[in-house]
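Participant: Prediction below, plus the sequence it came from.
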Amino acid sequence: MMIFSRRQTFTVSILLLFWSAFAAAADSVEPAFPILKPALDRNLSSAFEHRFNSLLQTANIPGGAYIIVTPDTIASLGTTGKTRAGGSDAITANTVFRLASVSKTFAAELTALMVEQGKLTWQDPANRYTPAFRIKGNTQRITLEDLLGHSTGIVGHAYDHLIEAGQHIEQILPKFAELSPVCAPSTCYTYQNVVFSLIEPAIQAVSQTSYAENLDIHIFKPLNMRTASTGLEALQESDNYARPHRKQRGRWVEVPVLPTYYRITPAAGVNASILDMGRWLQAQLGAYPDVISASVIESVTAPRLVTRGDLRRRYWRDHLTSAHYGLGWRVYRWGEEELIYHGGWVSGFRADIAFSRQHNVGFAVLLNAEDSTASEISTTFWEMFFAQASGLKHSTALTTP
């Protein structure tokens, strides 16, 4: 069993002081906070911290971090373990992780910003910007909205195996002409990575700027996401980044950071720290309307297509009553509660992020191990939070275990 030394857990009071200084140094706009106050108290933060550390120690995860935010503050932030198994460098609030498919949330909202500015429309044909993209049938019917909503009608995970085999998207695109659709566009959900990433040339065409630069200009810098970046080189240039681990013969072994999914940046190419994820969550909760407007958030989180497979997911299946996909975000119904969510899983890393607009609370967890413990941590938090919210509603307090 790994011993988690130098574990760092930030108390609420210290975090408030730190975050105030951090925000004061930002060049971004002043936040506008909703009136509704979240159902959060210190008992929940303390109870969850205990559960987080217990779950990671049980699974022997090399390292991880979590954050709980409201629009105007960090309610709790915890880090534990090391950047690499057997190493001496502790995970900190600024340790950079791969976000994997959580990158899709940034792609969707960057596109929504372009739509809001009149540079793109959701109904633009995808192959207007990528002429090499063809499938059997009427390719013109596949829109930018279909790309980001996984509603292209193309068989799920099309040619992911070629990305994993090291091929570049230019090599893969011609192969789509061999595929027949499994349904008409906008009528069924089929998860994509390669096709999702075709939003990149659309954004570059209308902005005359690279996709990565657009993220910097429109999202990372305005939100003061200081460690956020795209690509393998940016990750490895960081002086504080988590190394990936996979389980081999019952123990966690460090593996190389693979360049494969970095080649489809909108789908899986973003890196960030847990502090950055706190900023991103606060933007979803309406704290920075001059950066991410309410209309942008509404456009990408409106439920579009049913995703029945999510109702069978381990840990989530005990709680979800419905599941849909919006644009770059999943829309879950946890009992009577709405939860906006996305997860990421790439070789050696896991990431989960979710927020409740009704309660103005967001949660994220990042791990440097390819393990389902991330889902267990996420569902544990929301189970505890919704129990407390219900308890407060009925004047029943949550107690610390």
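Facilitator: Okay, I see it. Residues are numbered from 1 along each chain as shown.

Participant: Go ahead and list the helix or strand containing the residue lying closest to residue 310 once chain neighbours are set aside.
Facilitator: Distances taken as Cβ to Cβ, 6 or more residues apart in numbering put residue 323 closest to residue 310, at 3.7 Å, once the chain neighbours are dropped. All C-beta atoms are positioned from the backbone trio N, CA, C, and that covers glycine. Assigned by DSSP states H and E, residue 323 belongs to strand 320-325.

Participant: What is that strand packed up against?
Facilitator: Packing partners of strand 320-325 (3 or more Cβ pairs under 8 Å, 6 or more residues apart in numbering; DSSP states H and E): strand 305-306, strand 330-334.

Participant: which residues are contacting the last one?
Facilitator: Contacts with strand 330-334, where a contact means Cβ atoms under 8 Å, 6 or more residues apart in numbering, come from 301-303, 307, 310, 316, 319-325, 338-342, 354, 382, 386.

Participant: which neighbours does the helix or strand following that strand have in its sheet, and in what orientation?
Facilitator: For strand 330-334, the succeeding helix or strand toward the C-terminus, using DSSP H and E, is strand 337-346. Looking at strand 337-346 with DSSP bridges, its partner strands are strand 330-334 (antiparallel), strand 349-356 (antiparallel).

Participant: quick one on the thing from earlier: name only those of the contacts of strand 330-334 that count as buried.
Facilitator: 301, 303, 307, 310, 316, 319-320, 323-325, 338-342, 354, 382, 386 (16 or more other Cβ atoms under 10 Å).

Participant: wait, isn't residue 262 in contact with residue 232?
Facilitator: Yes. Taking contacts as Cβ atoms under 8 Å, residue 262 lies within contact range of residue 232: 4.7 Å.

Participant: quick one, which of those two is more surrounded?
Facilitator: The neighbour comparison of residue 262 against residue 232 (other Cβ atoms under 10 Å) goes to residue 262, with 23 against 17.

Participant: Is it correct that the more buried one falls within a strand?
Facilitator: No. Checked against DSSP: H, G, I helix; E, B strand; the rest coil, residue 262 lies outside a strand; its state is helix.

Participant: which residues touch it?
Facilitator: Contacts of residue 262 by Cβ under 8 Å, 6+ apart are 230-232, 268-269.

Participant: tilt between whichever helix in the chain runs longest and strand 330-334?
Facilitator: What stands out as the longest helix in the chain, according to DSSP state H, is helix 373-393. With axes from the mean of the first three to the mean of the last three Cα atoms, to 10 degrees applied, the angle from helix 373-393 to strand 330-334 works out at 50 degrees.

Participant: helices or strands next to helix 373-393 in the packing?
Facilitator: helix 42-59, strand 63-70, strand 337-346, strand 349-356, strand 361-367.

Participant: Out of those, which gets nearest to residue 374?
Facilitator: Among those, the nearest to residue 374 by Cβ to Cβ is strand 349-356 (3.8 Å).

Participant: Can you check what angle separates the closest one from strand 361-367?
Facilitator: Using the same axes, to 10 degrees: strand 349-356 against strand 361-367 is 180 degrees.

Participant: any idea which of the strands paired with strand 337-346 is most buried?
Facilitator: strand 349-356 (a mean of 25; mean count of other Cβ atoms under 10 Å).

Participant: Looking at it now, give me its mean pLDDT.
Facilitator: Mean pLDDT, strand 349-356: 98.

Participant: Likewise for stretch 374-387?
Facilitator: On average, stretch 374-387 scores 96.

Participant: Check the gap between residue 58 and residue 138 for me.
Facilitator: Distance of residue 58 to residue 138, given as Cβ to Cβ, to the nearest Å: 52 Å.

Participant: and the residue nearest to residue 347 when sequence neighbours are not counted, what element?
Facilitator: Leaving aside its sequence neighbours, residue 347 sits nearest to residue 258 (Cβ to Cβ, 6+ apart; 5.3 Å). If you go by DSSP H and E, residue 258 is not part of any helix or strand.

Participant: Quick one, grab the pLDDT at residue 258.
Facilitator: 93.

Participant: got a list of contacts for stretch 126-136?
Facilitator: By Cβ under 8 Å, 6+ apart, stretch 126-136 touches 139-140, 142-144, 146-147, 152, 154, 170, 173-174, 176-181, 195, 198, 201-202, 205.

Participant: Using the three-state scheme, assign the residue sitting nearest the centre point of the chain.
Facilitator: Nearest residue to the geometric centre of the chain (Cα atoms, centre = their mean): residue 102, 2.7 Å. State at residue 102, reduced to three classes by three-state DSSP: helix.

Participant: how about the nearest residue to it, chain neighbours excluded?
Facilitator: Nearest to residue 102 is residue 344, by Cβ to Cβ, 6+ apart, at 4.1 Å.

Participant: Same check on residue 157?
Facilitator: residue 191 (6.2 Å).

Participant: hang on, the earlier thing: make a markdown table from the strands paired with strand 337-346 and add distance to residue 209 to it.
Facilitator: Output for these, formatted as a markdown table (distance: least, Cβ to Cβ, whole Å):
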| stretch | distance to residue 209 |
| --- | --- |
| strand 330-334 | 29 |
| strand 349-356 | 26 |
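
Participant: Of all these, which one is nearest residue 97?
Facilitator: Nearest to residue 97, of these and by Cβ to Cβ, is strand 349-356 at 5.9 Å.
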